[in-house]
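Participant: Below are the sequence and a predicted model; questions follow.
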Amino acid sequence: MPPAPISASRKLLAIESSCDETAAAVIDERLCVLSSVVASQTALHVRFGGVVPEVASRAHVERILPVIDEALRQAVVRLEDLSAVAVVTQPGLVGSLLVGLTAAKTLALVLDVPLVAVNHIEAHLFACRMHAGRDLFPAIGLVVSGGHTSLYDCHDPLDFELLGTTIDDAAGEAFDKAAAMLGLGYPGGPSIEVAARGGNPAAYRFPRSFLRDARLEFSFSGLKTSLLYEVAGIPPAAYEPQSLPTSRVADLAASFQEAVVDVLVAKCRQALAARRRQVLCVGGGVAANTRFRQKLQELADNAKVEVVVPPLEWCTDNAAMSAVAWESFHRGRVADDALDVTAGLIRRR
Ligand code: KG4
Ligand code: ZN
């Protein structure tokens, strides 16, 4: 390979392996994404209807080095051109996180560059800042994915105050389980969205938890149970999801999606008002949902606030959003070789 051009801006390699995507990206100090490579494991988990932690960590082991090589190749950057290595250390599946951490620690040690820890939640919301191309904080942040449904008052990119979270399922998890009940494929969010296209969102009036409640919390288990009762009766009887008529599935999917989206948007509106914020940042896989994006645009227009939602490839897990590591780097928050992973979220506030 010919020598890479040396540009003035320093470059960081970011590694993400918190769940079932093995990802690496090269981002320069001006937050330009020079490459972003994501190896999805969806095909491995489809037959289980969800992510199997042991399968995920084994797949990360196989993929991590090719993914890093590919990110460097696409960025036309050599290992010795890197000024830092960043890695997501929380929250996530411990076995999966450890694969990324081991790779990152080894590279930082060998290259003798700083190691920077990244919080996956902060990264999801930093994707909004990357997309906007300018500072957005303070802002209300909603992270809505397969593992999280949480609202934050984001004082700055590294200082989030938790306002409320789900008391049961995450919204993405609810989509995944609803899809299984309807005989739709995994992951459930995209397949519900596709099935809902021909459906009537008002066909079924599913519950919307805490809608008239000042609490900034979410609950999706009642909604899930209502869907089950609708398809399987009360008490639920055995049924064959594949035998549900297509038009019924479309109406159920559209009504279910509408209920989830209504609650998410309403809680964002409440949080904006409660904290008197003018900017809303939304991140995580569920932010890829078209109906949700439409309703967020309506919120922006009606409430006269700025709503920032990243492009689809930055909603689902990726390493480009770990550009938030530059914020830590500039504040001198670099890690040492005792850095470890954490399954849950360590709250700063
Ligand atoms: O952020 P992400 O890639 O991984 C986690 O950190 O969980 O989010 C994955 C979740 C899955 O539950 C998936 O069903 C959901 O995001 N999702 C969607 C859509 N695309 C992905 N949910 C609704 N509509 C979508 N278009
Ligand atoms: Zn995520």
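Facilitator: Received it, and whenever you're ready, just let me know what you need. Numbers count the residues shown, from 1 in each chain. Ligands and ions are numbered 1, 2, ... in the order given.

Participant: was I right about Asp20 contacting Ser57?
Facilitator: No - look at Asp20 against Ser57 with C-beta atoms under 8 Å: they stay out of range, at 9.8 Å. (Glycine included, C-beta is placed from N, CA and C.)

Participant: between the two, what contacts are shared?
Facilitator: Ser96 (C-beta atoms under 8 Å, 6 or more residues apart in numbering).

Participant: Please name the residues that touch the residue most central in space within the chain.
Facilitator: The centre of the chain sits closest to Gly284, judged by C-alpha atoms, centre = their mean, with a distance of 2.6 Å. Residues near Gly284 by C-beta under 8 Å, 6+ apart: 124, 142-145, 148, 172, 315.

Participant: And for Arg293?
Facilitator: 287, 309.

Participant: Could I get the pLDDT score of it?
Facilitator: The model reports Arg293 with a pLDDT of 98.

Participant: hang on, the earlier thing: which among the contacts of Gly284 are in contact with ligand 1?
Facilitator: Contacts with ligand 1 within the contacts of Gly284, counted by C-beta under 6 Å from any ligand atom: 145, 172.

Participant: in the protein, which helix or strand is least confident?
Facilitator: When each helix and strand of the chain is scored by mean pLDDT, DSSP states H and E, helix 42-45 comes last, with a mean of 90.

Participant: Show me which positions of that helix end up buried.
Facilitator: His45 (16 or more other C-beta atoms under 10 Å).

Participant: Correct me if wrong: Phe292 contacts Val261.
Facilitator: Yes - Phe292 is in contact with Val261 according to C-beta under 8 Å; the separation is 4.7 Å.

Participant: next one: phi and psi at Leu13?
Facilitator: Note on Leu13: its backbone torsions stand at phi -100, psi 130 [degrees, to the nearest 10].

Participant: Please report how far it lies from Ser328.
Facilitator: Leu13 is 14 Å from Ser328, where distance means C-beta to C-beta, to the nearest Å.

Participant: And the residue nearest to the centre of the chain, what's its pLDDT?
Facilitator: 96.

Participant: Leaving out chain neighbours, which residue sits closest to it?
Facilitator: Leaving aside its sequence neighbours, Gly284 sits nearest to Ser145 (C-beta to C-beta, 6 or more residues apart in numbering; 3.3 Å).
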